[in-house]
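In: A predicted structure for the sequence below; I have some questions about it.
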Amino acid sequence: MTTYPATVKWGKETLSITLDPSAGPAGLKSQLNALTNVPLHRMKIMPKSKGLWKGLLKDDVDLCALSYEAPVQLLLMGSAEVLPEKPKVKTVFLEDLPPEEKARVVEPSGLVNLGNTCYLNSVLQALRVIPQLRRGIEYYSSSSGGSNNNNSSKFLLTSLLSTLNTLDASPQAISPNNFVMATKMTYPQFAQTGPGGRPMQQDAEEFYSQLLNTASQELRSVPALKAAFGQNHKDDWMGADNVVDALFGLKMEESLTCDELTTTDDKTSSMEEESATISSDLARKLVCNIQGANEANVTHIAEGIALSLSGKVEKHCEALGRNAMYTRSQKIARLPPVIVVQFGRFYWKATPDSQDHAGVKCKVMKPVGFSSVLDVYEFCTDKVKSVLKVSRDKAAAEEEERVAKKLKGEEVDESNDVEMKEGEDNEEDAELKAALAMSVEKDLAPVGLGLPNDFQGLYELFAVVTHKGRDADGGHYMGWVKASNAETASNAKREKIGDTDDDNEDWYVFDDDEVSPCKTEDILKLKGGGDWHMSYLNFYRAKK
């Protein structure tokens, strides 16, 4: 069959083809589709040469019955179909990832309950997100051992590290067999069993304190401290000789003043000065006293902490030559990177009328609220307060500056830089900028290890251990941990809690091997007052 050269006008392009009438309209369209990517259903072909079909080319037109004069001229209308681009990054499906990679993109893994081990599981999930502690144990595990060369202690810490590393690499819940075994070997009280040989429920705070005590004895070296806080850290460890006390330790100054030396004569004043003693001690947690004293009604964590840091004691007074009542007051003289607050939920109640037991362990159910940020400024010594006040005043001045600009309808620089404006405000802004610069340049005394340079005494909540149930020797512990993406998503617009300015960030709740997402607003409901989960240990880290 005879073929004819043809030109096809398509938009701004002119295509050269060979027209084969025997192929029919379908063959012509297929040929043009290959050149233009115009779908067949979108094609509209019209003749420009005379003697051909009229109007649009239909599929039933017999092209062989037409007469042609070379070159045949045609017009094509229709938009090309855009082909999908090849992805720049190869798509990898979740099921194709190795287990350690899969664990990084799915929800964190839980821990299997091996028989009333929820107290242990909940504490481990909180310690899991404290990198300094893990780095210290990593150095200890890779070295020859700790200072005491205690085999059970080494087994405890190495199995702890192994459990944490396995948790990070596993997308499914894991069974902490070795760590539970090491815990019972090191602390026989946690190996107690009840009727039928079932393991007894244990206290999460007792386990936490025992674990930190062992770690403090083993992680006692400058290389371990440098591994935990970084090799570039200064050699001034502010009295801490182990990783635990550097990370969790609060140096407390306690003053005792005799209440009965109140007169103002010189002799008695001299005696009063002798009776006021100041001593230092180290604590690895703060206590929120929620029972109250002298009709004190504790409803917030700050009230409970303040109550626990003061009180009355009876002791011998040298000035009076007899016992007298003293006022006890404690203040924080050194702040740590991590502060743990224990809610005084459990207490021992004597039962003298009972023939079966001398007393029972009871639980306080009253609600005690807390927020996502803990301000410890009022609990510190005057020396520490003077350092914190510089950064707090600077932050307050910057916030006041931002508010003033908003009220004037001016743009606010969120990077906290002070903008210079024209007019009568120039001089005031220049003075403010100079004052802020001087406060930054001021050589401030450190108030603790591993704290930000502009630390204001604010700590953010990042983990909670809760207890559910009315029985102090039973019930159930769970861990609640802030998601890591809550820190990295600072550029995204964060959800707020109701009408407040508090961020409603992502958290996870660990019910042993079951892990579920939750929000900050769910965490703030763990204040007690009913049969729901209530906070027992709150973990706070220095806010940057």
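Out: The structure has been received and is ready for your questions. Numbers count the residues shown, from 1 in each chain.
In: could you point out which element follows the host helix or strand of C362?
Out: Assigning secondary structure by DSSP states H and E places C362 in strand 359-363. From strand 359-363 onward toward the C-terminus, using DSSP H and E, the following helix or strand is strand 373-375.
In: the following helix or strand past that following strand packs against which elements?
Out: Downstream of strand 373-375, the first helix or strand assigned by DSSP H and E is helix 382-407. Here helix 382-407 touches strand 322-334, helix 426-441, going by 3 or more Cβ pairs under 8 Å, 6 or more residues apart in numbering; DSSP states H and E. Using the backbone N, CA and C atoms, a C-beta is placed for each residue, glycine as well.
In: by mean pLDDT, show me the worst of these.
Out: With a mean of 51, helix 426-441 has the lowest mean pLDDT of the helices and strands packed on helix 382-407.
In: which stretches of the stretch 351-500 of the chain have low pLDDT?
Out: 411-444, 485-493 (pLDDT under 70).
In: that older thread, the strand holding C362 packs against which elements?
Out: Counting contacts by 3+ Cβ pairs under 8 Å, 6+ apart, strand 359-363 packs against strand 346-350.
In: contacts for the strand it packs on?
Out: If you take Cβ atoms under 8 Å, 6 or more residues apart in numbering as the criterion, strand 346-350 is touched by D203, Q291, A358, G359, V360, K361, C362, K363, V364, A472.
In: and the second one, how many neighbours?
Out: A total of 13 residues lie near Q291 under the criterion other Cβ atoms under 10 Å.
In: so what's L35 up against?
Out: L15, I17.
In: let's see 10 Å
Out: V8, W10, E13, L15, S16, I17, L76, A80 (Cβ atoms under 10 Å, 6 or more residues apart in numbering).
In: before we move on, which element is the closest residue to the fifth one other than its chain neighbours in?
Out: Leaving aside its chain neighbours, S16 sits nearest to T7 (5.8 Å; criterion: Cβ to Cβ, 6 or more residues apart in numbering). Secondary-structure element containing T7, defined by DSSP H and E: strand 4-10.
In: in that strand, what's buried?
Out: For strand 4-10, the neighbour count (16 or more other Cβ atoms under 10 Å) marks A6, T7, V8, W10 as buried.
In: distance from the chain centre to that strand, please.
Out: In terms of Cα atoms, centre = their mean, to the nearest Å, the centre of strand 4-10 is found 68 Å from the chain centre.
In: what pairs with the helix or strand just after that strand, parallel or antiparallel?
Out: As assigned by DSSP H and E, the chain's next helix or strand after strand 4-10 is strand 13-19. Strand 13-19 has its sheet partners listed here by DSSP bridges as strand 4-10 (antiparallel).
In: how far away is the residue nearest the centre of the chain from N504?
Out: Closest to where the C-alpha atoms of the chain average out (Cα atoms, centre = their mean) is K482, at 3.9 Å. Distance of K482 to N504, given as Cβ to Cβ, to the nearest Å: 12 Å.
In: do A396 as well
Out: Here A396 is placed at a distance of 25 Å from N504 (Cβ to Cβ).
In: picking up where we left off before, is it true that the residue nearest to S16 touches Q73?
Out: Yes. Under the criterion of Cβ atoms under 10 Å, T7 makes contact with Q73 at 5.5 Å.
In: need the overlap of contacts for these two.
Out: Common neighbours of T7 and Q73 (Cβ under 10 Å, 6+ apart) are T14, K48, S49.
In: nearest residue to the second one in space, please, no chain neighbours.
Out: Across the structure, with Cβ to Cβ, 6+ apart as the measure, the residue nearest K48 apart from its sequence neighbours is Q73 (3.8 Å).
In: helix/strand/coil for the one you found?
Out: strand (DSSP: H, G, I helix; E, B strand; the rest coil).
In: just checking, what packs against the helix or strand where L161 lies?
Out: For L161, the element it lies in under DSSP H and E is helix 151-169. Other elements packing on helix 151-169 under the criterion 3 or more Cβ pairs under 10 Å, 6 or more residues apart in numbering; DSSP states H and E are helix 99-105, helix 118-127, helix 131-142, helix 177-186, helix 204-218.
In: save the buried residues of strand 4-10 as CSV, and put in pLDDT and distance to G24 too.
Out: Shown next, in CSV, are these (pLDDT from 0 to 100; distance: Cβ to Cβ, whole Å):
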residue, pLDDT, distance to G24
A6, 91, 15
T7, 92, 20
V8, 93, 17
W10, 92, 20
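In: state the three-state secondary structure for A70.
Out: Strictly by three-state DSSP, A70 counts as coil.
In: just list the residues touching it, thanks.
Out: Going by Cβ under 10 Å, 6+ apart, A70 touches T3, Y4, P5, A6, L19, S49.
In: apply 8 Å and report the result again.
Out: With contact set as Cβ under 8 Å, 6+ apart, A70 has these partners: Y4, P5.
In: which pLDDT does the model give it?
Out: Listed pLDDT for A70 reads 84.
In: how about the one 10 residues further on?
Out: If you check A80, the pLDDT there is 87.
In: any idea how far it lies from L15?
Out: 12 Å.
In: name the residues contacting each of those two.
Out: Between them, A80 and L15 share the contacting residues T36, judged by Cβ under 8 Å, 6+ apart.
In: where does the stretch 201-350 of the chain dip in pLDDT?
Out: In the stretch 201-350 of the chain (pLDDT under 70), the answer is 231-235, 262-277, 292-296.
In: now do 50
Out: Scanning the stretch 201-350 of the chain for pLDDT under 50 picks out 264-267.
In: any idea where the helices of it begin and end?
Out: Per DSSP state H, counting those that start in this stretch, the stretch 201-350 of the chain carries helices over the ranges 204-218, 222-229, 243-248, 266-275, 301-308.
In: point out the other helices and strands that the shortest one packs with.
Out: With contacts defined as 3+ Cβ pairs under 8 Å, 6+ apart, the secondary structure elements packing on helix 243-248 are helix 131-142, helix 204-218, helix 222-229, strand 338-343.
In: which of the ones you listed sits most buried?
Out: strand 338-343 (a mean of 23; mean count of other Cβ atoms under 10 Å).
In: adjacent strands (with direction) for that strand?
Out: Strand pairing for strand 338-343, determined by DSSP bridges: strand 286-288 (parallel), strand 534-542 (antiparallel).
In: average pLDDT across the helix or strand where L28 lies?
Out: Secondary structure assignment for L28, by DSSP H and E: helix 24-36. The predicted model assigns helix 24-36 a mean pLDDT of 91.
In: again with stretch 164-173
Out: 93.
In: buried residues, that stretch. List them.
Out: In stretch 164-173, counting by 16+ other Cβ under 10 Å, buried: L164, T166, L167, A169, S170, P171, A173.
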